[in-house]
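> Model the structure of this input:
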Amino acid sequence: MKGCPDTPVDARRRRWLIATSAAGGIGAVALATPFVDSFAPPESARAAGAPVDTDTSQLLPGSMTTVAWRGKPVFIVNRTPEMLAAVVRADPDVADAHSTHPFSMPLPPYCRNEYRSRVGHENVLVVVGVCTHLGCTPIARFQPGPQPSLPNDWPGGFLCPCHGSTYDLAGRVFKDKPAPQNLDVPRYMFASGTKIVIGKDESGEA
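Numbering: from 1, shown residues only. Purely as a prediction, here's the structure:
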């Protein structure tokens, strides 16, 4: 039995097929574009993770300011010579004097020292103000000596009001407390003598 001969496609029909296929392709791209864009983080989310600049020119010795970074409080403390000396004295009493067990982020290499701060800016402490026990915000208790909820030989530092964990003036947790680790130190850098950028250093953004 002979096969049926091929039926030639009308030129007008060919043009119609090409036009409808092209229109369908454009429509698919138009529909796919917002779908693909939905995977990108919104502008507000990108901004929330961006580095934060703060001016410390008005931060007096012995005082602290708090800035928000990635939805968390970051403590910036201008430590006095007496406060730095208290850090040294606290070495035997803290659980992880050299911060060998990081909490949620690695300790920046430039802060791997006793004061957990940058060389040349030893007085400036930058730590994430989130207790490593259950995430409460510690409160500053910089005044040394006996105080409610603190030992009589208190050297100054931070007290978590939720379950009593205490940290020294370098953000290191004292021994035998509910909190298992030291306060995190975020990556940061000095853009000038008094301007600190949190969430970014010489190697890029955190």
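> Pass me the low-pLDDT residue ranges in the protein, would you?
Judged by pLDDT under 70, the chain has its weakly predicted residues at 1-48.
> How about the contacts made by residue 78?
Shown in contact with residue 78 (C-beta atoms under 8 Å, 6 or more residues apart in numbering): 56, 59, 60, 61, 62, 63, 64, 123, 124. Any C-beta I mention is one placed from the backbone N, CA and C, and that applies to glycine too.
> now residue 127
Taking C-beta under 8 Å, 6+ apart, we find residue 127 in contact with 74, 75, 116, 171, 183, 184, 185, 186.
> Let's see that with 7 Å instead.
Neighbouring residues of residue 127 by C-beta atoms under 7 Å, 6 or more residues apart in numbering: 75, 171, 183, 184, 185.
> what does residue 175 give?
93, 94, 95.
> Settle this for me: the last one is touching residue 168, isn't it.
No. With contact taken as C-beta atoms under 7 Å, residue 95 and residue 168 are classed as non-touching, separated by 10.4 Å.
> in this structure, which spans are strands?
Listed from the start of the chain, the chain has strands (DSSP state E) covering 52-55, 64-69, 72-78, 124-128, 139-141, 157-159, 166-167, 188-190, 195-198, 200-201, 204-205.
> TSV please, covering the ones you listed and showing distance to residue 111.
Converted to TSV, the strands of the chain look like this (distance: least, C-beta to C-beta, whole Å):
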stretch	distance to residue 111
strand 52-55	17
strand 64-69	16
strand 72-78	13
strand 124-128	8
strand 139-141	20
strand 157-159	17
strand 166-167	15
strand 188-190	9
strand 195-198	13
strand 200-201	10
strand 204-205	17
